[in-house]
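Colleague: Sequence plus the predicted model coming up.
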Amino acid sequence: MRRNLAARIGVWSAHHRKTAVLGWLLFVVLAAGIGGASGLVEMSDAENAAGDSARAEQILDDAGLGQPAGELVMVSTTKAGDWRGAAQDVSAAIGRTGEVANLAGPIPSKDGKDALITFDLKGDAATAPDRVQPVLDAVSGVRADHPDVTIHQFGEASAGKWLGDLLAEDFKKAEFTAVPLALGILLVAFGAVVAALLPVGLALTACMAAFGLLSLASHQLHLFQTTYSVMFLMGFAVGVDYCLFYLRRERDERAAGRDAETALRIAAATSGRAVLVSGLTVMVAMAGMFLSGLMLFKGFALATITVVLIAMLGSVTVLPALLSWLGDRIDAGRVPLLGRRGGRRARTSGGFAGTVLRPVLSRPKVFAVASVVVLLALAAPALGMKTEQLGLEKQFGSDSQLSVAYRQINENFPGGPAPAHVVVKADNIEAPALREALGGFDKVTVHRTRNVAEIEVPLPGGAADLAELREERLPAAFDGTGAQVYVTGEIAGSVDFNDQLKRGIVPVFVFITAVTFLLMLFCFRSYVIAVTSILLNLLSVAAAYGVMVAVFQHGWGASLIGSEGVGAIEAWIPLFVLVVLFGLSMDYHVFVVSRIREARDRGLHTRAAIDEGIRATAGAVTGAAVIMVAVFAVFGTLSMQDMQQMGVGLAVAVLLDATIVRMILLPSVMALLGERNWRTPRGLARLPGLEHGEPETGTSEALVTSGTRG
């Protein structure tokens, strides 16, 4: 008989389970070990920037003029001039560390109650966070000696150290929270310790191997510092889900009276095939991020494609081998009262799914309209979405020491923490016209041997002042000089990044929608299913956008999750969420629609096939969704605003997708379309079909359930 690819892989794995398991373990150990030894290479400022900001950073890199890590210390008192003693002590203590250069100040504020001390950390700015601790200790010592004054510190090095420590702590929190959560959910779903441990173990080993391969790849494609967190988020959730789909189908077939060999073969041919299609769809969707024009997203694409590929391969190769070896021992460690509720009766009636489906299929038009209205209502706030690269002061929350320092310094010395950095390059930086142009600015550093000049310009008005600087002041000063003039800095970088995203999101969106359409068309040989897949995905994404904007931009209910509204969404989040959800939604969609198609291919009418398919997959989809929501929600509790936004956005989207979309909207729309769901384009009808049904049980090779070969 014909077997699809997943079935052939499953049969091979069961026949050669020692080779499959030992090969997997060897691969994980080698990938993790070699990758760990090679280390991760992070992207430079120039690589992470866009537009004029990237050009400015590249000029500095080419000239060997990497900007030092600048620091600000503000000493404040209630009476003008009382800060002098403390400010002198701060300067002296900082100087004694031997780690600083260009120590200047103190500069008094307009009302004389505050003084600002500026300096740079010696050496490479990239390693400054690792060397700033003596300076922090020195400032803390003066703060303790002068309890009558207030001392705030903010800068690239101090913020970088804060960020690095926080990321390490948050990643440990995510790992040590997500894993027990998933294990607990699986224990409830399966009622047996071994069955619960299997998906978690495979997902973790897939993440370990992916971490190693990504470290190796980072030597060619440099990565952003949060890429590991994104990889773990995706890899663990997807890895557990793929194993869950496979394992659930095998157990369902066993519960239906199949022998172990037949049950495993059916699981390989059906759920294994759905895993391959889902994984391919996720990876292709992720590849769309390469079209964004930003290295940040190229790194995200590489990370997610790598971990999804490894998780997918582990699910269809190692899992069948382990299931063949374990046999009925998969139910070892059974927990009393778990895993037995409902038994076969629950499976045949569909439990909660059956209760929901009855009214949905009896009045599909009403439920379809109601579902769309709910999703559009949730999506409404997204119409006012504002994006920006959130500064560190917004990332950590308004009450954090870093944010308070930034806010206080900016209020008393406007533009100080985030000035514009103008880079000027010319054939002769000392030409008379250029000397005259540079003379119109206050803070100018000229590098004569490199024909480069740097200008620092405060931006108390933020983006508005930046626009005026770029469009009026700089052209008026440098037009006709022949110099290249570009602006970088925190505000400029955010504006340029946003502009590139606006240009990049169109090709990314076109790519993922076109590829999703083609994959669904080939998989189900139906343009109707392909189109409805895309429309349902767009509704889920729009609703997730609306919730993110409501919570994190406007602050509605943010305090309930320990967060706050910051007036904007992190610039990279919308595109990332769009791509990820287009991929992840296919997990459920392919799994559910494959089961519906399987029932129809056995001769059931479309509405009866919908009923059977939804009921049969409800348990697996619910379990997978609960795990994904739980893992994503863990990231929603982390310290950084962008991780919170990503976690909450993905958790909400998956929750909506698995409930309103898959349980109500999908069956109601398919019921309304009826037999039109299965319309096959004339040209596609000539292509070989992809089997959705169960393989024949009497003519295939028996799977080896005792002993091994290889």
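Modeller: Cool, got the structure. Residues are numbered from 1 along each chain as shown.
Colleague: Low-confidence regions, the chain specifically.
Modeller: Along the chain, the parts satisfying pLDDT under 70 run over 1-3, 337-351, 415-417, 683-710.
Colleague: tell me which element the residue nearest the centre of the chain is part of?
Modeller: The centroid of the chain falls nearest to V230 when counting by C-alpha atoms, centre = their mean (4.3 Å). V230 is part of helix 227-255, with elements assigned from DSSP states H and E.
Colleague: Whichever helix or strand comes after that helix to helix 227-255, inter-axis angle?
Modeller: The helix or strand immediately downstream of helix 227-255 is helix 260-269, counting by DSSP H and E. Helix 260-269 and helix 227-255 are oriented at 140 degrees to each other (axes from the mean of the first three to the mean of the last three C-alpha atoms, to 10 degrees).
Colleague: which strands and helices sit next to helix 260-269?
Modeller: When contacts are defined as 3 or more C-beta pairs under 8 Å, 6 or more residues apart in numbering; DSSP states H and E, helix 260-269 sits against helix 5-15, helix 227-255, helix 295-326. Every C-beta, even on glycine, is put in place using the N, C-alpha and C of the backbone.
Colleague: buried stuff in the next helix or strand after the shortest one?
Modeller: For helix 5-15, the succeeding helix or strand toward the C-terminus, using DSSP H and E, is helix 17-38. Within helix 17-38, the residues that count as buried by 16 or more other C-beta atoms under 10 Å are 17, 19-21, 24, 27-28, 31-32, 35.
Colleague: Please state the offset of helix 17-38 from the chain centre?
Modeller: Distance of helix 17-38 from its chain centroid, counting by C-alpha atoms, centre = their mean, to the nearest Å, is 25 Å.
Colleague: and Q67, that's in a strand?
Modeller: No. With DSSP: H, G, I helix; E, B strand; the rest coil as the criterion, Q67 is assigned coil and is not in a strand.
Colleague: isn't it right next to I59, touching?
Modeller: No. Taking contacts as C-beta atoms under 8 Å, Q67 lies outside contact range of I59: 11.4 Å.
Colleague: Could you check which of the two is surrounded by more residues?
Modeller: Using other C-beta atoms under 10 Å, the more surrounded residue of Q67 and I59 is I59, with 20 against 17.
Colleague: contacting residues for D148?
Modeller: By C-beta atoms under 8 Å, 6 or more residues apart in numbering, the residues touching D148 are 77, 82.
Colleague: Over to C207?
Modeller: Counting by C-beta under 8 Å, 6+ apart, C207 has contacts 231-232, 235-236, 239, 307.
Colleague: farthest-separated two in the residues you listed?
Modeller: Spanning the widest gap among the contacts of C207 are M231 and G239, at 11.2 Å by C-beta to C-beta.
Colleague: Need the overlap of contacts for the two.
Modeller: Taking C-beta under 8 Å, 6+ apart as the criterion, M231 and G239 both touch 207, 307.
Colleague: Where does I117 sit, in terms of helix or strand?
Modeller: Short version, using DSSP H and E: I117 is in strand 114-121.
Colleague: What lies in contact with the helix or strand that comes right after that strand?
Modeller: Following strand 114-121 in sequence order, the next helix or strand is helix 128-131 (DSSP H and E). For helix 128-131, the surrounding residues in contact (C-beta under 8 Å, 6+ apart) are 68-69, 99, 121-123, 156-158, 160-161, 163-164.
Colleague: Let me have those residues in TSV, extended by distance to L357.
Modeller: What follows is the contacts of helix 128-131, written out as TSV (distance: C-beta to C-beta, whole Å):
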residue	distance to L357
P68	64
A69	60
E99	67
L121	63
K122	68
G123	65
E156	57
A157	59
S158	57
G160	53
K161	55
L163	48
G164	50
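Colleague: Among these, pick out the one closest to A463, please.
Modeller: Of all those, A463 sits closest to E156, with 20.5 Å by C-beta to C-beta.
Colleague: The closest one contacts E71, doesn't it?
Modeller: Yes. Under the criterion of C-beta under 8 Å, E156 lies in contact with E71, with a separation of 7.3 Å.
Colleague: Can you work out which residues contact both of the two?
Modeller: By the contact definition C-beta under 8 Å, 6+ apart, E156 and E71 are jointly contacted by L121.
Colleague: element containing the nearest residue to G155 once chain neighbours are set aside?
Modeller: In space, G155 comes closest to E71 once its chain neighbours are excluded; the distance is 3.2 Å by C-beta to C-beta, 6 or more residues apart in numbering. Taking DSSP H and E as the definition, E71 sits inside strand 69-76.
Colleague: helices or strands up against that strand?
Modeller: Counting by 3+ C-beta pairs under 8 Å, 6+ apart, strand 69-76 packs on helix 84-96, strand 114-121, strand 150-155, helix 156-190, helix 401-412.
Colleague: and those as JSON lines, adding mean neighbour count?
Modeller: As requested, those are exported to JSON lines (neighbours: other C-beta atoms under 10 Å):
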{"stretch": "helix 84-96", "mean neighbour count": "18"}
{"stretch": "strand 114-121", "mean neighbour count": "23"}
{"stretch": "strand 150-155", "mean neighbour count": "23"}
{"stretch": "helix 156-190", "mean neighbour count": "18"}
{"stretch": "helix 401-412", "mean neighbour count": "19"}
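Colleague: Tell me which of those sits nearest to V528.
Modeller: The nearest among those, by C-beta to C-beta, is helix 156-190 at 32.7 Å.
Colleague: continuing past that closest one, what's the next helix or strand?
Modeller: For helix 156-190, the succeeding helix or strand toward the C-terminus, using DSSP H and E, is helix 193-217.
Colleague: Now do that following helix: distance to the chain's middle.
Modeller: Worked out by C-alpha atoms, centre = their mean, helix 193-217 lies 18 Å from the chain centre.
Colleague: That helix versus helix 295-326: what angle between them?
Modeller: 140 degrees.
Colleague: mind listing what's buried in helix 193-217?
Modeller: Under 16+ other C-beta under 10 Å, the buried positions of helix 193-217 are 193, 195-217.
Colleague: Repeat that for stretch 249-258.
Modeller: Under the neighbour-count criterion of 16+ other C-beta under 10 Å, stretch 249-258 has 249-254, 258 buried.
Colleague: Same list (those residues) but as a markdown table, adding distance to L656.
Modeller: Listed next are these as a markdown table, based on distance: C-beta to C-beta, whole Å:
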| residue | distance to L656 |
| --- | --- |
| R249 | 25 |
| E250 | 29 |
| R251 | 27 |
| D252 | 26 |
| E253 | 30 |
| R254 | 32 |
| R258 | 34 |
